[in-house]
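**Student:** Sequence and predicted model, in that order:
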Amino acid sequence: MSSFPPPEPHEPIQEVWDGIFWVRGSVRMGPGLRIPRNMAVVRDGDELTLVSPVRLSEQGEAELEELGTVKHVVRIGIHAMDDAYCVDRFGATYWAPDGLIPEGGPKHEKLREGSDLPISDAT
């Protein structure tokens, strides 16, 4: 049995700019209460970076894999419920801003000025 939360309802992957994709998702917070969650997908060559990941359905994952290979997962805020699933599922490198993940938290690369970043030419 998986310790990861199951996929929640989401819309199809939409390309919003050349190489930039968006997924609108949601999560159930209680009876009759759903809040929105969104994921950006950046394609850099054949590599994909998931920013604020949303776990996709099997069909959604198949569509994602048609776009490229997931190599990076980036956490930029507090919502992180699907980060561990995506890192595990795709064997991706996990990135987070310096200081966001407490000492002893998940293994990750630090996003900080002057360091290598998961997207070429990013600052």
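**Tutor:** Done, it's in. Residues are numbered from 1 along each chain as shown.

**Student:** Show the contacting residues for the residue nearest to the spatial centre of the chain.
**Tutor:** Residue closest to the average C-alpha location in the chain (C-alpha atoms, centre = their mean): residue 53, at 2.3 Å. For residue 53, the contact set (C-beta atoms under 8 Å, 6 or more residues apart in numbering) comprises 39, 73, 82, 83, 85, 86. Yep, even glycine has a C-beta here, placed from its N, CA and C like the rest.

**Student:** what's next to the lowest-mean-pLDDT helix or strand in the chain, contact-wise?
**Tutor:** Taking mean pLDDT, DSSP states H and E as the measure, the chain has strand 109-111 as its least confident helix or strand, at a mean of 76. For strand 109-111, contacts defined as C-beta under 8 Å, 6+ apart pick out 74, 93, 94, 95, 96, 97, 98, 115, 116, 117, 118.

**Student:** Assumed the last one was part of a strand.
**Tutor:** No: when classified by DSSP: H, G, I helix; E, B strand; the rest coil, residue 118 is found to be coil rather than part of a strand.

**Student:** doesn't residue 76 make contact with it?
**Tutor:** No: the pair residue 118 and residue 76 fails to qualify as a contact (C-beta atoms under 8 Å) at a distance of 11.8 Å.

**Student:** Pick out whichever of those two has more residues nearby.
**Tutor:** Neighbour totals were compared for residue 118 and residue 76, and residue 118 leads with 22 against 14 (other C-beta atoms under 10 Å).

**Student:** ok, for that one, nearest residue in space, not its chain neighbours?
**Tutor:** Nearest non-adjacent residue to residue 118, counting by C-beta to C-beta, 6 or more residues apart in numbering: residue 72, 3.8 Å away.
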